[in-house]
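heads up, no residue letters with this:
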């Protein structure tokens, strides 16, 4: 299979996860991604490894998932963009690239001369891509943002999962939660822009904001609020089930695990569930023996379901429910997600060899082409490919040495 992005060169001038995650997806799809890191400081994400206390896979290991996830498959070039001597290198990289990808704020882009007009002056055909916190127009165009602020808090997710009586706001369920979704969104936008350029000959400027991704993720409730003309009423859901369906929602097992039921047609699945649970008589109980009665008495039925689920352990329920046709899922922790049989059967937990030659695994991006899992390669070490990339641009070894002495490259 030919990777769909094979032959595409992406020049990434970005840090952290949101925009670099897009570069990782494009690399998974076959693009050549050259990551520009500051010649002395590198990607600030490398510093987060220490600041946030993330541990390596083992003592002395270079494998940090916080870097590997959004940077696998790339080549790293150490380049001090603020130094005049680095400009020749940057321009040559721009000239030979199809996509320029950045999340630098407007002031930094202007200072480093990497804004649209600067990059297009070197390569008029390049697809220029900006990832931002709050968009490129409006009063907050110059404001930085992270997924915890722009995506989670401002985008509606935090309010959507925090109950009115909570004494603290519910946090994102995983680090880089919105960043990862945003990176996937950017990758899709780049693919569309490259297709448009191939069809029309015209390059695009692509913009994706974390706030926009956040609003898209919560669009169901946002659209309802827009329709009604104000905030939606606060509704406290029943402890078990829904107002009209006992086979919806999370139920706790005897060993304090959770099972999520999502059988949206209660009349269709009620008898089956009762039989599987060893309570077949409930299907003919006069309170629940028709869809109408089951919906009318959903709260009572949900209480019974809760007692039934609470009577047996998690593993027993996963085996019991797997015999039926109704929709449900085990509520899994991060380790269990990594071992999920369907993810593994579809190649979505992928092998990768780290810089120390150790076999590791990473979550693959969810898009596959021609039923073929992505082949992952590790993230680069800081400035690992500077010499290789610059020499391929035609820069001589003498020029490369001079650039290193100047501090323009590392």
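Okay, I see it. Worth saying up front: this structure is predicted, and the values here are computed from it rather than measured.

is it true that residue 77 lies in a strand?
Yes: remark: residue 77 belongs to a strand, assigned using DSSP: H, G, I helix; E, B strand; the rest coil.

Roughly how far does it sit from residue 387?
Applying Cβ to Cβ, to the nearest Å, the value for residue 77 to residue 387 is 9 Å. For the C-beta atoms, the positions are set from N, CA and C on the backbone; glycine is no exception.

What of residue 368?
Remark: distance between residue 368 and residue 387 (Cβ to Cβ) = 34 Å.

cool, and residue 330?
As for residue 330, its distance to residue 387 is 49 Å (criterion: Cβ to Cβ).

do residue 89 as well
12 Å.

Which one of those two is surrounded by more residues?
residue 89 (24 against 15; other Cβ atoms under 10 Å).

In the longest helix along the chain, which residues are buried?
Secondary structure of the chain per DSSP state H: the longest helix is helix 177-200. For helix 177-200, a neighbour-count test (16 or more other Cβ atoms under 10 Å) marks 177-187, 189-191, 193-194, 197 as buried.

elements contacting the next helix or strand after it?
Downstream of helix 177-200, the next assigned helix or strand under DSSP states H and E is strand 205-209. Applying 3 or more Cβ pairs under 8 Å, 6 or more residues apart in numbering; DSSP states H and E, one finds that strand 205-209 makes contact with strand 127-132, helix 177-200.

Mean pLDDT and distance to residue 165 added to the ones you listed, as CSV?
Output for the helices and strands packed on strand 205-209, formatted as CSV (pLDDT from 0 to 100; distance: least, Cβ to Cβ, whole Å):
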stretch, mean pLDDT, distance to residue 165
strand 127-132, 98, 35
helix 177-200, 98, 24
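
closest to residue 343 out of these?
When these are compared by Cβ to Cβ, helix 177-200 sits nearest residue 343, at 15.2 Å.

The closest one vs strand 205-209, what angle?
Angle of helix 177-200 versus strand 205-209, following axes from the mean of the first three to the mean of the last three Cα atoms, to 10 degrees, is 160 degrees.

what's the burial count for residue 85?
Neighbours of residue 85 (other Cβ under 10 Å): 16.

ugh, wrong one, I meant residue 39
24.

For it, grab phi and psi.
Phi and psi for residue 39, reported as degrees, to the nearest 10, are phi -60, psi -20.

Residue 12 versus that one, what's the distance?
16 Å.

ok so, going back, I'd like the helices and strands packed on strand 205-209 laid out as CSV, including distance to residue 292.
Listed next are the helices and strands packed on strand 205-209 as CSV, based on distance: least, Cβ to Cβ, whole Å:
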stretch, distance to residue 292
strand 127-132, 51
helix 177-200, 40
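
Report the rounded mean pLDDT for stretch 281-299.
Mean pLDDT, stretch 281-299: 97.

oh sorry, the question was meant for stretch 313-329
Average pLDDT, stretch 313-329: 97.

ok, so what distance separates residue 274 from residue 328?
Counting by Cβ to Cβ, the gap from residue 274 to residue 328 is 14 Å.

Between those two, which is the more surrounded one?
Ranked by neighbour count (other Cβ under 10 Å), residue 274 and residue 328 place residue 274 first, with 21 against 18.

Next SSE downstream of the host helix or strand of the more buried one?
According to DSSP H and E, residue 274 maps onto helix 266-276. Per DSSP H and E, the first helix or strand lying C-terminal to helix 266-276 is helix 291-296.

Which of the helices and strands in the protein ranks last by mean pLDDT?
helix 44-51 (a mean of 76; mean pLDDT, DSSP states H and E).

okay, which residue is most central for this protein?
residue 180 (1.9 Å; Cα atoms, centre = their mean).

quick one, strands of the stretch 301-410 of the chain?
328-330, 349-353, 359-363 (DSSP state E, counting those that start in this stretch).

Now do the last one against strand 349-353, angle only.
Put plainly, it is strand 359-363. 140 degrees.

Show me what strand 359-363 is packed against.
helix 65-71, strand 349-353.

Quick one: end-to-end distance for stretch 280-287.
Separation of the first and last residues of stretch 280-287 by Cα to Cα, to the nearest Å is 14 Å.

Tell me the buried residues in that stretch?
Buried-residue list, stretch 280-287, by 16+ other Cβ under 10 Å: 282, 285.

Run through who's touching it.
270, 271, 274, 275, 288, 289, 293, 297, 300, 301, 304 (Cβ atoms under 8 Å, 6 or more residues apart in numbering).
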